[in-house]
Each structure stands twice: as structure tokens, then as C-alpha cells.
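Asks: Sequence and predicted model, in that order:
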Amino acid sequence: MSFNLSEKNLERIQEHVLHKREEALLNEVNEMHPADIADLLDRLDLDEARYLHSLLDGEVAAEVINELPEDRREDLLEDFSAKEIAEEVIEQLDSDDAADVIAELPEDVQQEVLANIDDSELKSEITELLSYDENTAGGLMAKELVKVNVGASMLDCVRELREHADDIEHVYVINVVDDHGKLVGTIPLKKLITTSLRTPVKDVYDPDAITVKADMDKEEVSRIMAKYDLPVVPVVDDRGRLVGRITIDDVVDVMREEETEDVQKMGGMEALEYSYSNSSLWEMVKKRAGWLVILLIGEGFTATAMSYFEDEIAKAVVLALFVPMIISSGGNTGSQASSLICRALAVGDVTTKEWWRIVKRETSVGLTLGIVLGVVGFLRVAIYAQFTSLYGPHWVPIGLAIGFSLLGVVLWGNLIGSSFPLLLKRVGMDPAVSSAPFVATVVDITGLVIYFTIASLFLAGILL
């Protein structure tokens, strides 16, 4: 059951906390999902959150810790000893969630917590998971799974499933391995229900099951699971041995984190470490100021570019009137192209190996858009010239200068916007760094040069 944490509900719960009404608080949270309780604790003051969390029982309290944002989790765990973290949190969680919680603790505390885990199998699993890079499939996977030997029967599958029923929250498939632990296939639960229990596993399992390697980037894992609509994917090592599994709920979290990071970077800032609501004033300023200063310095070069055409502007002041329109058209086009290519790279729609196809395509798109905007720009001058003397008797060459400048700037902006993400991806950087503001700044500077160069050609006789 979902819980609507309205301001009214929040105030009521805060009132219960203030007066230490334990029974009323437990009545409030007993029917709530751990994720909703975590959301509630994140909205309360730290002392209030500590008090409410102290009332929670066993596994629920551990699940709430796991669901909390990293900063609030750190605050709550500060009051826990290493032994309490091990017993009250880590031993209540699945191996992947337990490893995530431990990974965010200070290194010295990590070792203390591991030393206090009584379950040797869980300790071994967590230690193995911590050995993987957090951005890989190995760092994302859980060790809990159901597996049977290829020589077993379907009855053995049922027995194995029953044995692990309490340890595994969601079971989607039965994994089939050989005598060396190598994954040979999977059996969907539907087949387990519809097939005779006397049937040998080797006659039932799917040998073409999709797998991922433990060192695969977690973004690639999410793309594979989304592409093939997989609720779970087995994880294997370099030798093909089954080492874990990744479920769709973990992938949803990855996709949300990566998309949030990309959106923030494309907005012209560094990605926030925590959520917007939980980021301090200083954190917000620090993450945004750097890029703003760089962009400010970059935009300063537009004045430098204009200074080279000071004489042309002095002779035809009307040229300056169109500067905002020209450079904004190029910047907007570049921003659109950058956003499209960044997203296409993120979802695996294109790769850097296709750069020449993308460049040819974007050249055609840019040329077409440039012609459309160029015609609109020329018509704008032509129409205004019928009602004002601002452009004088030379409105035709001025209109042509504006039209062809828009064509050149839009084409150039489209090429820059589509090429930057590909270049950054090729050299191993995040394509989202080629953010819309960054592309727009580069196009602003170069667009001025294109504009005044074309305008000088069309207005050569007038500017003499």
C-alpha cells in the first residue's frame, strides 16, 4: 500500500514524535512500505528521524536504512556501533544491499562491521561484492539465487526453491549449472509449474539465456535488461561460472541515478552528490559556480570576436541589431543536436563507430533547418522594410546577408552539437559534459565570425 506523505500527515507524525506517542507512531508506520518510511524519515528533522527509527522492528528497520538517501543514512548510522550495524542492519539485508550500505561507510568502520558479522557465508559474499567496482555488474549483483545441477530433475528444482524461499525476496528463474559451476541455462518459473516433476532438467532449461559478465558497466547492464525486457539477468565470471544475479529493481535505481546525473550535467553543472532537497547551499553553489565561470569567460570571447568587425558595425549599425537572433539560432540548434546525440548514446541507439553516418545525417538536417530559418530571416527583413526605413534602400542585400548567415550558423551549430558528444565518448569522457550551455557558448563565439564574414561579403559595396 502506498502512502501519501502530505504536509498534514507530516505535521501529525511530528506531533506524535514531539510527545513521544509510541503507540500512535507505530500505528502510523506499521502499514507503510519501508520506502515510504524512509521518505518520511528524510522529511523529519534528524532527531525526530532517529527517534522514529529506534521504534522500528528488526528487518523493517534495516530495510528503511537501505532505502534512505545516502546522507540521511550516514547521519542515522553515526549513532550505531560497528556491532549494531552488523547485527541490526547488515545481517537483515540481501547481500547486494548489505554491500552497498557497507561500501558507503568509512574504511575503518567497514572492517569493524565485517569483523562483527556472525554469518560467515554472508560475510564471504559481501567481501566478494565489495571487491568489484561499484559501477559494474559485479558491484550491482546479489549473491542470493536458486540454482540446480544440469543432471537434476524438476523435483529437485522445487526442493531447492523451497529451501531458499525465506532468503530470496523475488525468484524469477531457476539457474542451471554444470559440475564446474558454469551456467548452462535457466528455467522460468512458468515451466516449473507446467512441467512434470519427473522431467530431467536437461530437457527443460533454456540454453540461450542472456547473461552479463561481472566486469560489465552497469549502464550497459541496464540497457540489456531494458532491451530484452528481463526481470532478472544472471551474472557470470570470465570462465562463465555463475556468480550472482541482477534484478530489475536494482536496474531501475541505476537508470534513475544515471539519468539524473546526465540531466544535471547537460544543464551546465556538475552532478550533485545527493538529491536536490538534501544538498546544502554550499554544495549547490560549488557544483554550479565552476561551469558558470567557465561559460562566462567563454561568452567574453564574443566581445573579442565582435571587436574584429568593429569597422563593419560602425558602417552598418543595423548589423548589430541581428546579433542576438543569429547567435541564439545557432546556439539553440547546437543544444538540440547535443541533447539528441547524448540521449541516443545513453540508450545505446548509436555508437561512436557510427560517427560518419551521424555527421552526414546531421549535415542534411542542419542544412534543411538552416534553409528554413534563413528564409524566415530574409522574409523578416523584407516585411519590415515595407513599413520602416531602418534598413534603407539596401534591404535586399541586408536580408540576403541575414538569411545566408542563419544558414551557415545553424548548419555549423548542428554539426558542433552533434559532434561534441561523440568526441567526448570516444576519448572516454561523459558525453553529457557537452552540455547545452557549453555548446551554445562555443557556437556563439564562432557564429559571430560566420555572421560578420558573410555580412561583409554581401554588403561589400555598401560598407566601402
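Replies: All right, it came through fine. As the structure is a prediction and not an experimental result, all values here were calculated from the model.

Asks: Could you tell me how many residues sit around residue 457?
Replies: 12 (other C-beta atoms under 10 Å). The C-beta positions use only the backbone N, C-alpha and C, and glycine is treated the same way.

Asks: cool, and residue 388?
Replies: Using other C-beta under 10 Å, residue 388 is surrounded by 10 other residues.

Asks: show me the contacts for it.
Replies: For residue 388, the contact set (C-beta atoms under 8 Å, 6 or more residues apart in numbering) is empty.

Asks: what about the nearest residue to residue 201 once chain neighbours are set aside, distance to residue 178?
Replies: Spatially, and ignoring its direct neighbours in sequence, residue 201 is nearest to residue 152 (4.9 Å; C-beta to C-beta, 6 or more residues apart in numbering). Look at residue 152 and residue 178: by C-beta to C-beta, to the nearest Å, they are 11 Å apart.

Asks: Output the below-cut-off pLDDT ranges for the stretch 251-400 of the chain.
Replies: Scanning the stretch 251-400 of the chain for pLDDT under 70 picks out the ranges 259-281, 284-317, 390-392.

Asks: circling back: next one: the residue nearest to residue 201 from residue 203, what distance?
Replies: Residue 152 is 11 Å from residue 203, where distance means C-beta to C-beta.

Asks: Who has more neighbours out of those two?
Replies: The neighbour count for residue 152 versus residue 203, taken as other C-beta under 10 Å, is higher for residue 152 (18 against 9).

Asks: Check the burial of the spatially closest residue to residue 209 that is not a sequence neighbour by counting its neighbours.
Replies: Once flanking residues are discounted, residue 209 sits nearest to residue 186: 4.2 Å by C-beta to C-beta, 6+ apart. Look at residue 186: counted by other C-beta under 10 Å, it has 24 neighbours.

Asks: Backbone torsions only: list them for residue 186.
Replies: Main-chain dihedrals, residue 186, degrees, to the nearest 10: phi -140, psi 160.

Asks: Wait, it touches residue 236, no?
Replies: No - if you go by C-beta atoms under 8 Å, residue 186 and residue 236 don't touch, sitting 11.8 Å apart.

Asks: What average pLDDT does the host helix or strand of residue 446 get?
Replies: Per DSSP states H and E, residue 446 falls inside helix 436-458. Mean per-residue pLDDT for helix 436-458: 81.

Asks: Show me what that helix packs onto, helices and strands only.
Replies: When contacts are defined as 3 or more C-beta pairs under 8 Å, 6 or more residues apart in numbering; DSSP states H and E, helix 436-458 sits against helix 281-307, helix 310-315, helix 318-321, helix 323-346, helix 395-426.

Asks: How is residue 132 assigned, secondary-structure-wise?
Replies: Classification of residue 132 by DSSP: H, G, I helix; E, B strand; the rest coil places it in coil.

Asks: Show the contacting residues for it.
Replies: 138-139, 214-215 are the contacts of residue 132 under C-beta under 8 Å, 6+ apart.

Asks: Nearest to residue 325 among the residues you listed?
Replies: Closest approach between the contacts of residue 132 and residue 325, by C-beta to C-beta: residue 139, at 49.4 Å.

Asks: mind checking how far that closest one is from residue 214?
Replies: The spacing between residue 139 and residue 214, counted by C-beta to C-beta, is 9 Å.

Asks: and those two? which has more neighbours close in?
Replies: Neighbour count, other C-beta under 10 Å: between residue 139 and residue 214, residue 214 has more, with 22 against 19.

Asks: Can you report phi and psi for that one?
Replies: Dihedral angles for residue 214 - degrees, to the nearest 10 - are phi -60, psi -30.

Asks: per-domain residue ranges of the chain.
Replies: Following automatic domain parsing, one gets these domains for the chain: 7-136, 147-256, 281-458.

Asks: Do a quick rundown of the strands in the protein.
Replies: 147-149, 173-177, 183-188, 212-213, 232-236, 242-247 (DSSP state E).

Asks: Out of these, which gets nearest to residue 31?
Replies: The closest of the strands of the chain to residue 31 is strand 242-247. By C-beta to C-beta, the value is 24.8 Å.

Asks: Settle this for me: residue 385 is touching residue 399, isn't it.
Replies: Yes - Residue 385 is in contact with residue 399 according to C-beta under 8 Å; the separation is 7.5 Å.

Asks: of those two, who's got more company?
Replies: A direct count of neighbours by other C-beta under 10 Å for residue 385 and residue 399 places residue 399 higher, at 22 against 18.

Asks: which non-adjacent residue is nearest the most centrally placed residue in the chain?
Replies: In the chain, the residue lying closest to the centroid (C-alpha atoms, centre = their mean) is residue 258, at 1.3 Å. Excluding its sequence neighbours, the residue lying closest to residue 258 (C-beta to C-beta, 6+ apart) is residue 219, at 5.8 Å.

Asks: Having no further points to raise, I will conclude here.
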